[in-house]
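Novice: Here is my input, please return the structure:
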Amino acid sequence: MITFLRMLVLVCAVGILSSCKYKTPEGRVDFVTDRLTSKLDLSDSQKSMLKEIGDHAKQDLNAEKEIRANLKPELIKMLGQPELDQARIKQILKERQARFDSRTDKYLSKVSNLHKTMNPEQKKKLAELVEDYFD
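Specialist: Next up, the predicted model:
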């Protein structure tokens, strides 16, 4: 069960971040949530839960965009130096991973709650969508 939920979170994240016809992260989130809503025939309650997940994803994507923008001058300056500051790069990567890990827990909980509300037919269709995505 946990493996399936992690896979679902991964699929949603990849779907959101992968290139699709939308050029913005927000557009990608909307695309994925709209697709899941239509393909899974979600109830109003489930739609609301999925919308909340999407809204949080958009907030987190915007926060990451701001962090990247703030890091840009530092990284450009670093690239112009004779040597890269490996310790600083590792610190930046560790901070990013920590943000990702904290969000994983949040999304896993929300996706798990949505999954609990799904009927067997919806779960089967979701599994098929995940399978098709990886083919």
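Novice: What is the burial count for L50?
Specialist: Here the count is done by other CB atoms under 10 Å, and L50 has 21 residues near it. C-beta here means a position set from N, CA and C on the backbone, and glycine is covered the same way.
Novice: element containing it, please.
Specialist: Assigned by DSSP states H and E, L50 belongs to helix 44-79.
Novice: what's the helix or strand following that helix packed up against?
Specialist: Once the chain leaves helix 44-79, the next helix or strand it forms, by DSSP H and E, is helix 86-117. Secondary-structure packing of helix 86-117 (3 or more CB pairs under 8 Å, 6 or more residues apart in numbering; DSSP states H and E): helix 2-17, helix 44-79.
Novice: and the following helix or strand past the shortest one, average pLDDT?
Specialist: I take that to be helix 2-17. Downstream of helix 2-17, the first helix or strand assigned by DSSP H and E is helix 25-40. Per-region confidence: helix 25-40 scores 89 on mean pLDDT.
Novice: now helix 25-40: how far from the chain's centre is it?
Specialist: Distance of helix 25-40 from its chain centroid, counting by CA atoms, centre = their mean, to the nearest Å, is 12 Å.
Novice: Only the C-alpha atoms, please, for that helix, written as PDB.
Specialist: Extracted in PDB, the C-alpha atoms of helix 25-40 (Å, rounded to 0.1, in the frame of the first residue of the first chain):
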ATOM      1  CA  PRO A  25       4.400  24.700 -13.400                       C
ATOM      2  CA  GLU A  26       0.900  25.900 -12.400                       C
ATOM      3  CA  GLY A  27      -0.400  24.900 -15.900                       C
ATOM      4  CA  ARG A  28       1.100  21.500 -15.500                       C
ATOM      5  CA  VAL A  29      -0.500  21.000 -12.100                       C
ATOM      6  CA  ASP A  30      -3.900  22.000 -13.500                       C
ATOM      7  CA  PHE A  31      -3.400  19.600 -16.400                       C
ATOM      8  CA  VAL A  32      -2.600  16.700 -14.100                       C
ATOM      9  CA  THR A  33      -5.500  17.400 -11.700                       C
ATOM     10  CA  ASP A  34      -8.000  17.900 -14.600                       C
ATOM     11  CA  ARG A  35      -6.800  14.700 -16.200                       C
ATOM     12  CA  LEU A  36      -7.200  12.700 -13.000                       C
ATOM     13  CA  THR A  37     -10.600  14.300 -12.300                       C
ATOM     14  CA  SER A  38     -11.900  13.300 -15.700                       C
ATOM     15  CA  LYS A  39     -10.300   9.900 -16.000                       C
ATOM     16  CA  LEU A  40     -11.200   8.700 -12.500                       C
END
